[in-house]
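A.B. asks: Need a 3D model of the sequence below.
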Amino acid sequence: MAATTETFYGVIRRQGITRRNFHKFCSLTATSLGLGPLAASRIANALETKPRIPVIWMHGLECTCCSESFIRSAHPLVKDTMLSMISLDYDDTIMAAAGHQAEAILEETRAKYKGQYLLAVEGNPPLNEGGMFCIQGGKPFVKKLRMMAEDAMAIIAWGSCASWGCVQAAAPNPTQATPIDKVITSKPIIKVPGCPPIAEVMTGVVTFITTFGKCPELDRHGRPKMFYSQRIHDKCYRRAHFDAGQFVEDWDDEAARKGYCLYKIGCKGPTTYNACSSVRWNGGISFPIQSGNGCIGCSEDGFWDKGSFYDRLTNIKQYGIEKNADQIGMAAAGAVGAVVAAHATVTALKRLAGKRKDANRSH
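C.D. replies: Okay, the predicted model is just below:
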């Protein structure tokens, strides 16, 4: 536990990292967080002077996909995040300690770093039957969650399980699985939804808190704006096809081979807020829509109970520029024809009126 008083810079210097490479790391980190050029120096100063933050990572009802995503971060590398930037004092998935030894770490961290440690929660607590559907160390998980949240400086809700409830809370929800913000109401909670969240989004949130010593700016749902302020639809490379009315109508049809928009076969990109289309996955290689499968909206509340993943959204209006080009052309031609006909009619009436005047004068 004494290692938490050491700074990130002190740790990497002991590991043989040069100061030049340290500043490269800070510059790349600032870029990955979408911060300005001056942020690199602030990150460097923070990592040089601030002690590493103790982190307690707890697991409730979940499948561990958030941890699986986290360890695949390309920048910053998870080894830098976990072994240098923070002091990961407890994570029952990857730590060596077990049993009473592991439980003692929770008590020690709570007593020694009261109000200074970060509580990361993966999964959610079931409340039915006194929380007996998730027992850890002989105690209901919800009881341990409340105990550790009481003295934490802030809480990160990893993934849709902790943020919204996810599949465990889907109807009929027999265990009464509950998002952590419905259980913990006295502490700031940063929601990082997704099933799982993007690895770089997870490490980016940790980096921001480590650097600036505060929570990132959150939207009205408690999600970091730096990653959840835009819809996947807004930066999707297939957006032009949506605007043009060019859609995949069925799996593996000609439109699918041409890379047209997946909206009609259920893509939830227009209503899903996440960084998938910009940050992407697996080190920025791809994301679901790029692989030919529509977004299922996994970072939104209640996505399991909103119908089939392949049901088309019905409340999004499309422009259909390309699709309607012929119709627009015909309408325009019809309008021009109508104007020409009207002009000819008016001219004929004027001529007829002129002839009648001449006839009256001759009489």
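A.B. asks: if I look at Pro51, how far off is Gly10?
C.D. replies: For Pro51, the distance to Gly10 equals 9 Å [CB to CB, to the nearest Å]. The way it works is simple: take the backbone N, C-alpha and C, and place the C-beta from them, glycine included.
A.B. asks: can you give me the helices for the stretch 201-350 of the chain?
C.D. replies: Assigned by DSSP state H, counting those that start in this stretch, the helices in the stretch 201-350 of the chain fall at 225-228, 239-244, 254-257, 325-362.
A.B. asks: Comparing those helices, which yields the minimum mean pLDDT?
C.D. replies: Between the helices of the stretch 201-350 of the chain, the lowest average pLDDT goes to helix 325-362, which shows a mean of 56.
A.B. asks: This protein: strands as residue ranges?
C.D. replies: Under the criterion DSSP state E, the chain carries strands at the ranges 53-59, 86-91, 118-122, 135-136, 139-140, 154-158, 189-192.
A.B. asks: Would you tell me which one of those is buried the most?
C.D. replies: Mean neighbours per residue, mean count of other CB atoms under 10 Å, is largest over the strands of the chain for strand 118-122, with a mean of 27.
A.B. asks: and that strand, what does it pack onto?
C.D. replies: Identification of packing neighbours for strand 118-122 by 3 or more CB pairs under 8 Å, 6 or more residues apart in numbering; DSSP states H and E yields strand 53-59, helix 141-150, strand 154-158, helix 159-163.
A.B. asks: can you put the ones you listed in TSV and add distance to Pro179 and mean pLDDT?
C.D. replies: Shown next, in TSV, are the helices and strands packed on strand 118-122 (distance: least, CB to CB, whole Å; pLDDT from 0 to 100):
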stretch	distance to Pro179	mean pLDDT
strand 53-59	15	92
helix 141-150	12	96
strand 154-158	7	96
helix 159-163	6	97
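A.B. asks: I'd like those laid out as JSON lines, including distance to Phe212.
C.D. replies: Formatted as JSON lines, the helices and strands packed on strand 118-122 follow (distance: least, CB to CB, whole Å):
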{"stretch": "strand 53-59", "distance to Phe212": "11"}
{"stretch": "helix 141-150", "distance to Phe212": "22"}
{"stretch": "strand 154-158", "distance to Phe212": "12"}
{"stretch": "helix 159-163", "distance to Phe212": "22"}
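A.B. asks: Which of the ones you listed sits closest to Thr175?
C.D. replies: helix 141-150 (11.0 Å; CB to CB).
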